[in-house]
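A.B. asks: coords please:
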Amino acid sequence: MLVQVLGTAAGGGIPQWNCACPGCSGARAHPSRRRKHASLAVHTDDGHCYLVNATPDVGDQIEAHPALHPGPGPRQTPIAGVVLTDAELDHTLGLWRLREADALEILATVPVRQALEDHLRLSEALGPYTALTWRELGRRGGQALRDAPDRPLGPGVHISAIPVSDKRPRYAAGAAAHDCWVVALRLYDRATGQTVLYAPAVAAWSDALHQAAADADCVIVDGTFWDEDEPRRTGLSARTATAMGHLPIEGPGGTAGILAQLSARCLYTHLNNTNRLVDPAAPEHKRLARLGIEVADDGMVIEL
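C.D. replies: Numbers count the residues shown, from 1 in each chain. Predicted coordinates:
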């Protein structure tokens with residue numbers, strides 16, 4: 001299985017257009033520090049690939065990776081569909097950008113599809129342009145999401161979802177409660193037996209998520225905030241990191257200590273512009289390296 005990291009930033013990207021914080025200012029002064037919105041491309045054995053989340057940067061992300069370019073036919077694309085981890089705008093706005101596709105398959109949980117259909121009118125907006133096909137992520141028959149087996153994403157690659165949060169996007173704040181508004185994805189290569197766990201937003205480290213991480217060969221996980229008080233300290237929010245739906249990296253309840261105990265290759269993604277890790281010279285990188293943990297970079301390729 002080959003996974004391309006298309007982006008590693010939280011909502012707004014780095015730099016964010018209306019922000020002059022040290023992280024954004026540093027990215028403007030040093031273009032190598034720029035990060036696009038968090039996303040993956042998962043390649044299957046038949047030459048196709050699926051995007052994990054469709055971000056506002058999706059056009060630039062495709063152009064940055066020749067393996068995602070169209071051809072040899074004039075309208076032939078390797079991109080077969082999109083898998084959504086949630087309904088947040090930074091993970092879904094790119095769906096509108098993909099309207100030129102002849103057909104587009106979208107894998108999503110029930111509340112995510114409902115939010116996009118009922119609140120953002122996705123099918124109504126894209127219907128005149130392309131044929132949308134929906135697949136319910138992680139469910140088979142009447143099974144609950146957490147009990148559902150892997151399902152084929154494409155030849156050789158199977159996918160399953162793990163609920164990690166009931167956090168709704170702001171535009172759907174009045175929608176019904178559901179435990180799988182946000183999910184982690186388990187990507188399993190049947191040929192090699194290797195597994196990637198992708199969890200760009202994690203509000204709580206559940207037993208199910210821990211088991212999936214313990215069984216994985218590569219774990220790419222939420223690194224939005226370095227510590228619990230970062231949003232309040234930087235003026236981003238009056239809430240803590242956990243209250244905003246993101247476990248911090250360091251401190252009590254932080255994920256660094258958990259990841260350090262795993263045998264998998266572990267990387268952080270979905271970095272906020274306030275996170276010290278957006279500066280490659282920050283000492284926090286060395287602290288993570290001593291624990292055997294990496295920070296994912298835009299463009300990196302992971303082959304299992």
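A.B. asks: Could you give the separation of the lowest-mean-pLDDT helix or strand in the chain from the chain centroid?
C.D. replies: One helix or strand of the chain scores below all others by mean pLDDT, DSSP states H and E: strand 151-154, with a mean of 80. Centroid separation between strand 151-154 and its chain, computed with Cα atoms, centre = their mean, to the nearest Å, is 18 Å.
A.B. asks: Could you list every helix and strand in contact with it?
C.D. replies: The elements that strand 151-154 packs onto, with contact taken as 3 or more Cβ pairs under 8 Å, 6 or more residues apart in numbering; DSSP states H and E, are strand 157-165. All C-beta spots, glycine's among them, are computed from the backbone N, C-alpha and C.
A.B. asks: Against which helices or strands is the strand it packs on packed?
C.D. replies: Using 3+ Cβ pairs under 8 Å, 6+ apart: strand 157-165 touches strand 151-154, strand 182-189, helix 207-215.
A.B. asks: Go through these and name the closest to residue 263.
C.D. replies: Closest to residue 263 of the helices and strands packed on strand 157-165, according to Cβ to Cβ: helix 207-215, at 7.9 Å.
A.B. asks: Show me how far the closest one is from its chain's centre.
C.D. replies: For helix 207-215, the distance to the chain centre is 17 Å (Cα atoms, centre = their mean).
A.B. asks: right, and the helix or strand after it?
C.D. replies: Counting by DSSP states H and E, the element after helix 207-215 in chain order, helix or strand, is strand 218-222.
A.B. asks: May I have the strands that pair with that following strand, each with its orientation?
C.D. replies: The pairing partners recorded for strand 218-222 under DSSP bridges are strand 195-199 (parallel), strand 265-269 (parallel).
A.B. asks: angle of that strand against strand 157-165?
C.D. replies: Orientation check (axes from the mean of the first three to the mean of the last three Cα atoms, to 10 degrees): strand 218-222 against strand 157-165 gives 30 degrees.
A.B. asks: Contacts for strand 218-222, please.
C.D. replies: With contact meaning Cβ atoms under 8 Å, 6 or more residues apart in numbering, strand 218-222 is reached by 3, 5, 40, 194-202, 213, 246-247, 255, 259, 262, 264-270, 296, 302, 304.
A.B. asks: then that strand to CSV, C-alphas only?
C.D. replies: Coordinates of the C-alpha atoms in strand 218-222 are reproduced here as CSV (Å, rounded to 0.1, in the frame of the first residue of the first chain):
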residue,chain,number,x,y,z
CYS,A,218,1.9,3.2,10.9
VAL,A,219,-0.2,5.7,13.0
ILE,A,220,-0.9,9.2,11.7
VAL,A,221,-2.7,11.1,14.4
ASP,A,222,-4.0,14.5,15.5
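A.B. asks: relative to strand 182-189, how tilted is it?
C.D. replies: Here the directions of strand 218-222 and strand 182-189 differ by 160 degrees (the same axes, to 10 degrees).
A.B. asks: So for whichever helix or strand comes after strand 218-222, mean pLDDT?
C.D. replies: Proceeding N to C from strand 218-222, the next assigned helix or strand is helix 230-233, under DSSP H and E. Here helix 230-233 scores 96 as its mean pLDDT.
A.B. asks: buried set for helix 230-233?
C.D. replies: Neighbour-count burial for helix 230-233 flags 230, 231 (criterion: 16 or more other Cβ atoms under 10 Å).
A.B. asks: likewise stretch 261-281?
C.D. replies: Neighbour-count burial for stretch 261-281 [16+ other Cβ under 10 Å]: 262, 264-279.
A.B. asks: count of neighbours near the residue lying closest to residue 57 once chain neighbours are set aside?
C.D. replies: Leaving aside its chain neighbours, residue 57 sits nearest to residue 36 (4.1 Å; criterion: Cβ to Cβ, 6 or more residues apart in numbering). When neighbours are defined as other Cβ atoms under 10 Å, residue 36 has 21 of them.
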